[in-house]
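[1] attaching a predicted model along with its sequence, questions to come.
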Amino acid sequence: MTNFFLPLLGLVGIASAFVPTNVVPRPLSMESGTRLRMFNFGGSGGGASVPKNASDRDNKAIAAIRSTIASPRTPGFPLIEVEFPPLEALNKLGDGSLRSANQAEEANLAFAVKLAKSLSPVPFMGPDAIILTSSSASNAFLKAASKKAGGAATVLALRDGMPDDTAVTGDAVCILVTPSSAADYRAAEALATSGKTCVLVNGFAKDAKSVCAKATMAYFFKPLTYNSQVAGYLIRSYPSPWTTIDAATNQVLETADDNQILVRNTNTPDLRNSVKLVQKSFDERAIQARRG
């Protein structure tokens, strides 16, 4: 299969894999029970699989988010995160240009609007969707968000302050596009603490502790490169486990739960074992090819 992520070299290379120091597996924090909402978004996010294209990736991410809304990993704390390459040709981001940054912003916004529409496919028949822009978002981005959202969602700017209960009512779902500051992440955590669902879309300028450890990583997709090509992927599609997949064969190399892969007291996966597995699989195929 010719995968549309094959151009993603350099930026997502193995050398860039998050390698924390003193990693200690986090204790199991799963709690029994589920948090059911007035509008049931039940159903599985589907088993982890490599998306065929950007549209397929979006659909997989949205399915995982809907599953998480129905039953987050930590009952009563609906802070949800998704992380994936926003552009099909991520190498465009390597030039550091304003144009590249704008393309990524536009892609994240397009996903947020698509998510908002999926939450209420029929007007007045689903929870309100609220698109939140980062406290550092420009006026141009705020205007673009309002225009693209149309009637699918209310658009609010975090730079204008934390939205209160009059803005986020009932089962409203807040979608925070590209949070990029400590204030953004604190606002998202505060919303979840008050019982309001908040979805973080591709956080920027994020360290291992930006997102609370009680949050749920609904969808995670990271290409892993080796010898200057995409050799594998780490994928999570909630409620399915974290899955390491060989890029050439689509073989599942390993699955892991949150307790096994998340760095202690964070919502950040430790990529090192996945990296080792795709390296080993790549090397084994190369040895077999030489012998053949």
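    Sure, I can see it. Residues are numbered from 1 along each chain as shown.
[2] what about the residue nearest to the spatial centre of the chain, distance to residue 229?
    Central residue of the chain (CA atoms, centre = their mean): residue 82, 1.4 Å from the mean position. In this view, residue 82 and residue 229 are 25 Å apart by CB to CB, to the nearest Å. Where you see a C-beta, it was placed from the backbone N, CA and C, and this is true even at glycine.
[3] spell out the secondary structure type for the closest residue in space to the residue nearest to the centre of the chain that isn't next to it in sequence.
    Closest residue in space to residue 82, ignoring its immediate chain neighbours: residue 219 at 4.4 Å, by CB to CB, 6 or more residues apart in numbering. Following DSSP: H, G, I helix; E, B strand; the rest coil, we place residue 219 in the strand state.
[4] pretty sure residue 219 contacts residue 59?
    No. Counting by CB atoms under 8 Å, residue 219 does not reach residue 59; the two are 10.4 Å apart.
[5] okay, these two: which has more neighbours?
    Regarding residue 219 and residue 59, a neighbour count based on other CB atoms under 10 Å identifies residue 219 as having more, with 26 against 15.
[6] distance-wise, check the more buried one relative to residue 232.
    Separation of residue 219 from residue 232 (CB to CB) stands at 17 Å.
[7] ok, residue 129 next?
    34 Å.
[8] and these two? Which one has more around it.
    Set side by side, residue 129 and residue 232 show more neighbours around residue 232, with 28 against 24, by other CB under 10 Å.
[9] now the host helix or strand of that one - C-alpha only, PDB.
    Using DSSP states H and E, residue 232 sits within strand 229-237. What follows is strand 229-237, C-alpha atoms only, in PDB (Å, rounded to 0.1, in the frame of the first residue of the first chain):
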ATOM      1  CA  GLN A 229      11.900   6.200   5.500                       C
ATOM      2  CA  VAL A 230       8.700   5.600   7.400                       C
ATOM      3  CA  ALA A 231       9.200   2.200   9.100                       C
ATOM      4  CA  GLY A 232       6.300   2.000  11.400                       C
ATOM      5  CA  TYR A 233       3.600   3.800  13.300                       C
ATOM      6  CA  LEU A 234       2.400   4.200  16.900                       C
ATOM      7  CA  ILE A 235      -1.400   4.400  16.900                       C
ATOM      8  CA  ARG A 236      -4.100   4.700  19.500                       C
ATOM      9  CA  SER A 237      -7.800   4.800  18.700                       C
END
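[10] now that strand: mean pLDDT?
    Taken as a whole, strand 229-237 has an average pLDDT of 96.
[11] of all the residues in it, which ones are buried?
    Neighbour-count burial for strand 229-237, with 16 or more other CB atoms under 10 Å as criterion, is recorded at 230, 231, 232, 233, 234, 235, 236, 237.
[12] packing partners of that strand?
    helix 54-70, strand 216-226, strand 242-246, helix 272-291 (3 or more CB pairs under 8 Å, 6 or more residues apart in numbering; DSSP states H and E).
[13] and it, which strands flank it?
    According to DSSP bridges, strand 229-237 forms sheet pairs with strand 216-226 (antiparallel), strand 242-246 (antiparallel).
[14] may I have stretch 181-198 as PDB, with CA atoms only?
    Output of stretch 181-198 as PDB, limited to C-alpha atoms (Å, rounded to 0.1, in the frame of the first residue of the first chain):
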ATOM      1  CA  SER A 181       0.600  28.000  26.100                       C
ATOM      2  CA  ALA A 182       0.400  27.000  29.800                       C
ATOM      3  CA  ALA A 183      -2.700  29.200  30.100                       C
ATOM      4  CA  ASP A 184      -4.400  27.200  27.400                       C
ATOM      5  CA  TYR A 185      -3.800  23.900  29.000                       C
ATOM      6  CA  ARG A 186      -4.800  25.200  32.400                       C
ATOM      7  CA  ALA A 187      -8.100  26.400  30.900                       C
ATOM      8  CA  ALA A 188      -8.800  23.000  29.300                       C
ATOM      9  CA  GLU A 189      -8.100  21.300  32.600                       C
ATOM     10  CA  ALA A 190     -10.400  23.700  34.500                       C
ATOM     11  CA  LEU A 191     -13.200  22.900  32.100                       C
ATOM     12  CA  ALA A 192     -12.800  19.200  32.500                       C
ATOM     13  CA  THR A 193     -12.600  19.600  36.300                       C
ATOM     14  CA  SER A 194     -16.000  21.300  36.200                       C
ATOM     15  CA  GLY A 195     -17.400  18.400  34.200                       C
ATOM     16  CA  LYS A 196     -17.300  20.100  30.800                       C
ATOM     17  CA  THR A 197     -16.000  18.100  27.900                       C
ATOM     18  CA  CYS A 198     -12.900  19.700  26.300                       C
END
